Structure formats: C-alpha cells, structure tokens
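1. Predicted model follows, preceded by the sequence.
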Amino acid sequence: MARYSPKGRPSDKETPIQQIRPFEFKQCIAILKATGKKASTIRELRNGISEVSDECIFHHVYQYFLKGHILEYTNDFAQWTAHFLEERALAEQLSNLDPYMFHSIEDVRKELLRIIDTFLESFPEPRPVLAGNEFYFSEALTIVFPCGVKAKNLAEFLVAIKNVDAESIYYHFYEARMRLGGGVDDFSRWIEGSLRRKDLAERIRNIDPFMHNLDGIREQIAGFVEEDLRIEMEAP
C-alpha cells in the first residue's frame, strides 16, 4: 500500500470541491456453492486444486480474509493442511504464497501445485485426516452493492472508514488488489488521485495485507488518516 512531509501538500481547500470525485463505499458478500469435490489427503487436495474452477481457487485463496479468519495462515488450503493434516511445514509454504504477485488465478493454481508436488517428492504417502475433517471445495457467487455511504473529503472518509462493515474493508482493500492490479487498493487510489495526498496514499498502500485481519486494516487506515488530519490542523 513512507516518507511523510505534509508541507507543500495540497489540502482539500486547494482542490475545488466540484473536481473531487466522492469515494463511494461498497461491500460484497459471498454466496457459497458446493462443487461436490473433497479431499482427505494432501494428494487428493493436490488433485482437486488441479481440477476445480478458477472461481473455486479465487474463493479459497483471495476471499480468505472475507471469512474473518485469525491470521495464522493466509488461505484455506494452508489452514486445512495445518489444522487437520497437521503438516505445518507445508502449511507455512502454502501460506507464504502471495496471490497478488501473480498475473492470473491459473498462475496461482500452478504455484500451489508446485509447492505440493515438491512436498510429495519427500513425503509421498502422508496420512489422511479423520473422518469429518475433509477439505470441501467450494465456489462463491460474489455480490457487490453500495453501502449508501460517500466521502467528499478526508474527514468524511475517516468517519466512514471507522463505521462501514468489514465486508466493505475487504472489498476496497483486498479484492481491489486483484481488480486493479499492481497491489493497488481503492482507498489509496482515491486519496492520491482525488485528494492529491500522495504520502498518505503510499502509507495505506504499504500496509501488509497478510499481517492484519479486517479490523486491523481498518485501524491502520484510520490511524494514518487521523495523523494526516492532525498534522494539517497543527500546521502554521
């Protein structure tokens, strides 16, 4: 998502209000659909990953943070591998995958398979999970809709970011990184493009998406915005 020098930075007052495009907060929900595929061993997981749709990979990797997980791992495959297969070394490798570094979901799929294949070369017959702990592959229909909240300036944005639902934080901070590409989120793009606050935008853009849950992301952004506003108010 830095250097920080408020002097010389355009303020909201210096940008004609009619030129500022309001930020419209949106949020998304994921409606799950079972694929009928499941896995009880790492080999079955590997075969499932190779066969399921891109929508399935997207749900289990990119939409992981929409589910409110604690951040021990960063995707469903790693989570299951650690907690049910008890293969934590493999889980760590799967969790280290940054999906936003890849150009397509197919590239993410190939990297997941590469990691698992390397593991299977050394451990060809890992144990299965107990009955009832299988991995179930799912797809998700993602529905995006407006929250009914808009911000025309940084103060309004601060109030909104503190109060919108977590699903809105996910949509604008996580999902946008794939939609916009290049590790760019909706928040920093608007703050830089519409408010001309490049330093603040860089600070938000540099937040590590894998080190915080959604409430943590909210707190980080709100903290940066409050600091920016406070410095502006205190400036002579």
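-> Ah, there it is.
2. only C-alpha atoms for contact and neighbour calcs from this point on.
-> Noted.
3. where do the strands sit along this structure?
-> 23-39, 135-151 (DSSP state E).
4. Quick one: closest of those strands to D186.
-> Nearest to D186 among the strands of the chain is strand 23-39 (8.9 Å), distances taken as C-alpha to C-alpha.
5. tell me the angle of that closest one relative to strand 135-151?
-> 180 degrees (axes from the mean of the first three to the mean of the last three C-alpha atoms, to 10 degrees).
6. other SSEs contacting strand 23-39?
-> Packing partners of strand 23-39 (3 or more C-alpha pairs under 8 Å, 6 or more residues apart in numbering; DSSP states H and E): helix 42-51, strand 135-151, helix 166-169.
7. Could you count how many residues lie near G132?
-> Other residues near G132 come to 7 when the count uses other C-alpha atoms under 10 Å.
8. right, I mislabeled it, should have said Y171
-> Quick note: Y171 (other C-alpha under 10 Å) scores 22 neighbours.
9. If you drop the residues flanking it in sequence, what lies closest to it?
-> Q27 (5.6 Å; C-alpha to C-alpha, 6 or more residues apart in numbering).
10. and that neighbour, what are its bridge partners?
-> Beta-bridge pairing of Q27 under DSSP bridges involves F145.
11. Then the one 4 residues further on?
-> When bridges are assigned using DSSP bridges, the partners listed for I31 are L141.
12. how's the chain carved up into domains?
-> 18-27+145-234, 29-139 (automatic domain parsing).
13. Please produce TSV containing the ones you listed, extended by mean pLDDT.
-> Below are those laid out as TSV (pLDDT from 0 to 100):
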stretch	mean pLDDT
domain 18-27+145-234	93
domain 29-139	93
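14. dump the residue contacts of the residue nearest to Y171.
-> By C-alpha atoms under 8 Å, 6 or more residues apart in numbering, Q27 lies in contact with V144, F145, P146, C147, D165, E167, S168, I169, Y170, Y171, H172.
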